[in-house]
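[1] Quick one, what's the 3D model for this:
(one chain, ligands or ions: 1)
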Amino acid sequence: MTDENWAEAADLQENLAKKVDNISLKKETDENYEKPLSKEETSLLKKMLHNKLVQNNQELQVQQRDPTSPLYSVKSFEELHLKKELLDGIFSMGFNRPSKIQETALPLLLANPPENMIAQSQSGTGKTAAFVLTMLSRCDISKPYPQCLCLSPTYELALQTGKVVEVMGKFLKGLKVGYAVRGNRIQRNTSITTQIVIGTPGTMLDWSRHRAFDLRKIEVFVLDEADVMIDTQGFKDQSIRIQRQLTERCQMLFFSATYDEPVIKFAQQIVRQPNVIRLRRDEETLDNIKQYFVRCSNMDQKYEAITNLYGVLSVGQAIIFCHTRRTASWLAKKMCEDKFVVALLSGELDVSQRASILKRFKEAQERVLVTTNVCSRGIDVEQVTLVVNFDLPVDMHGRPDCETYLHRIGRTGRFGKSGVAINFVMNDRDMRVLQDIEQHFGIKVGSLDTDNFNEMEEKLGDD
Ligand SMILES: Nc1ncnc2c1ncn2[C@@H]1O[C@H](COP(=O)(O)OP(=O)(O)OP(=O)(O)O)[C@@H](O)[C@H]1O
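    I've put the predicted structure just below:
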């Protein structure tokens, strides 16, 4: 963009900001405050977000020139020797330069003969594009059968990744993507004709058992969120059962933002001669996500803190994580009764309901999503500026779950944007969990008083 364009965008943004301020002022003085936004308001909000993104784009260019940033790269996409159709796809998505993981992984992933990889990179740094570009580069569109498989831990993430494949590959004539996810059962003797299949392990295994495709013809096998896929009972059996039937020729790619030691050791046992890209522990957290904790003595105080935070949220969206479905539905119900506009997404809903709730949230029709760990990994909504751990992430034994913490807070601060993560601490046990998390990542999480609006504005506002 030229300087003139930037100036024009800045003016536009300022005008829209004024208009949005007017809307919120009107709403605050109106007795119907907290009614869902009208169509006109939603469209204005979207435009605002668009303009905020234009501004972010300028900041992004600065970050991509900073060698200490995970978004830094010396190379351009043109230098990565991608097919022209794929370059067109990437540029049509608004990507200008690769991130560090894309720049490091892609030359290795696209080399011949194909090599295996176990890769780690911070949340929101573009791992999806790295493995999607590998799948798109390796499949032969003229062949009407699956050649690339990608396994994801949740239905939502499988759909999201499939969408990236469709958009990034839209200039590859004849490309088709199949979704092996709950609800997409197939009949015996059905042959899948898509070159790429994305799915969750159970349904993918089901499809392969029905001989819907031939695992021996798979050229690229991707395990997204690989650590949880090989460390969670159920997922582990299913993923490994699929992986074992692949040929020696098949390229294997494991990607995640987190791997603890035993998991990476196990991954290295099952992937033959992998290239390993790892982060140091102190590199795993992102500087662009500010982290705080709020002391609450009971559930009522937690609720009050949420309502105070809701008021401070300006443009942007929030995700609130609860430990159980029960707490999530209690919280969403209570907020709705108090006329807050929130959406609830938890595992008990059927998959079509889940898909439509997430779609609405991605379209900014709701600004707050109350959920459980089902949305902790991979979900990419760039406007999310706030993540709240209503309950801190702990495993089934009540021990701190540091990996889940990192994935949850990584729902904000996507690709260099700024974000805030707030942790509710209700008792000494919670405090110990938070201290363990701080120690694990070598970070300091500061306190925040949600009754003090000035402090909140100061700490949570834009820099
Ligand atoms: N080179 C790029 N330039 C600009 N934006 C990019 C680039 N690569 C990826 N993005 C965008 O960054 C966002 C985050 O990317 P992505 O979802 O792949 O991150 P991730 O590393 O897989 O995160 P997570 O660990 O949470 O799964 C997406 O909205 C994506 O479109």
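
[2] okay, and for the stretch 301-450 of the chain, where does confidence drop off?
    For the stretch 301-450 of the chain, applying pLDDT under 70 flags the ranges 313-315.

[3] Make sure I have this right: residue 437 is in a helix.
    Yes: secondary structure of residue 437 (DSSP: H, G, I helix; E, B strand; the rest coil): part of a helix.

[4] Find the nearest non-adjacent residue to residue 154, please.
    With CB to CB, 6 or more residues apart in numbering as the measure, residue 374 is the residue that lies nearest to residue 154, at 6.0 Å, once sequence neighbours are left out. C-beta here means a position set from N, CA and C on the backbone, and glycine is covered the same way.

[5] Could you confirm residue 292 falls within a strand?
    Yes: using three-state DSSP, the assignment for residue 292 is a strand.

[6] okay, now it: neighbour count?
    Using other CB atoms under 10 Å, residue 292 has 17 neighbouring residues.

[7] start at 84 instead
    Got it, the first residue is 84 from now on, which makes the last one we talked about residue 375.

[8] which residues touch the nearest residue to it once chain neighbours are set aside?
    When the adjacent residues along the chain are set aside, residue 375 lies closest to residue 531, with 3.9 Å between them (CB to CB, 6+ apart). Applying CB atoms under 8 Å, 6 or more residues apart in numbering to residue 531 gives the contacts 375, 376, 377, 505, 538, 539, 542, 543.

[9] what sits against the residue in the stretch 284-433 of the chain that the ligand sits nearest to?
    For the stretch 284-433 of the chain, the residue positioned closest to the ligand under CB to the nearest ligand atom is residue 340, at a distance of 4.0 Å. Applying CB under 8 Å, 6+ apart to residue 340 gives the contacts 203, 204, 205, 206, 210, 367, 489, 490, 493.

[10] so what's the last one closest to, chain neighbours aside?
    Just to be clear, that refers to residue 493. Of all residues not flanking residue 493 in the chain, residue 206 sits nearest, at 2.6 Å (CB to CB, 6+ apart).

[11] Can I take it that the one you found is in a strand?
    No: Residue 206: not assigned to a strand; according to three-state DSSP it is coil.

[12] Test my guess that it contacts residue 369.
    Yes: Residue 206 is in contact with residue 369 according to CB atoms under 8 Å; the separation is 7.2 Å.

[13] Overlap in contacts, the two.
    When contacts are counted by CB under 8 Å, 6+ apart, the set common to residue 206 and residue 369 consists of 493, 496.

[14] Up against the ligand, what does this protein have?
    178, 180-182, 185, 204, 206-212, 340, 461, 463, 465, 493, 497-498 (CB under 6 Å from any ligand atom).

[15] mind running it again at 5 Å?
    Listed as neighbours of the ligand in the chain under the rule CB under 5 Å from any ligand atom: 178, 206-212, 340, 461, 463, 493, 497-498.

[16] can I see the domain layout of the chain?
    The record's domain parsing of the chain by automatic domain parsing lists 86-128+366-543, 143-362.

[17] So what's the residue count around residue 249?
    Applying other CB under 10 Å, we find 16 residues neighbouring residue 249.

[18] again, but for the one 3 residues further on
    Residue 252 has 25 neighbours, counted by other CB under 10 Å.

[19] Touching, it and residue 258? I think so.
    Yes: here residue 252 lies in contact with residue 258, judged by CB under 8 Å, at a distance of 4.6 Å.

[20] returning to that earlier point: ranking by neighbours, what's the top pick from the contacts of residue 340?
    The most neighbours of any of these, using other CB under 10 Å, belong to residue 493, which has 28 neighbours.

[21] how about the helices in the stretch 134-283 of the chain?
    Across the stretch 134-283 of the chain, reading from the start of the chain, the helices by DSSP state H, counting those that start in this stretch fall at 167-175, 183-193, 210-221, 238-251.

[22] now these as TSV including mean pLDDT?
    Output for these, formatted as TSV (pLDDT from 0 to 100):
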stretch	mean pLDDT
helix 167-175	97
helix 183-193	95
helix 210-221	98
helix 238-251	97
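
[23] Pick the most buried one from the ones you listed.
    helix 210-221 (a mean of 24; mean count of other CB atoms under 10 Å).

[24] if we can go back for a sec, now do the contacts for the residue nearest to residue 237.
    Taking CB under 8 Å, 6+ apart, we find residue 457 in contact with 237, 239, 428, 429, 430, 437.

[25] What's the local residue count around the first one?
    For residue 237, the number of neighbouring residues by other CB under 10 Å comes to 23.

[26] what about it, distance to residue 341?
    Taken as CB to CB, to the nearest Å, the spacing of residue 237 relative to residue 341 amounts to 16 Å.

[27] thinking again about what came up before, residues in contact with the residue nearest to residue 493?
    Residue 206 makes contact with 340, 369, 489, 490, 492, 493, 494, 496, 497 under the criterion CB under 8 Å, 6+ apart.

[28] Can you convert those into TSV and add a column each for secondary structure?
    Formatted as TSV, the entries for these read as follows, by three-state DSSP:
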residue	secondary structure
340	coil
369	coil
489	helix
490	helix
492	helix
493	coil
494	coil
496	coil
497	helix
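
[29] Looking at these, which two lie furthest apart in space?
    489 and 497 (13.9 Å; CB to CB).

[30] picking that back up, common neighbours of residue 252 and residue 258, please.
    A shared contact of residue 252 and residue 258, defined by CB under 8 Å, 6+ apart, is any residue touching both; here these are residue 219.

[31] End to end on stretch 470-488, go ahead and measure it.
    In stretch 470-488, first residue to last residue: 11 Å (CA to CA, to the nearest Å).

[32] hang on, residue 387 is in a strand, isn't it?
    No: Residue 387 sits outside any strand when classified using three-state DSSP, being helix.

[33] So residue 309 versus residue 357, what's the distance?
    Distance check for residue 309 against residue 357: by CB to CB, it reads 11 Å.
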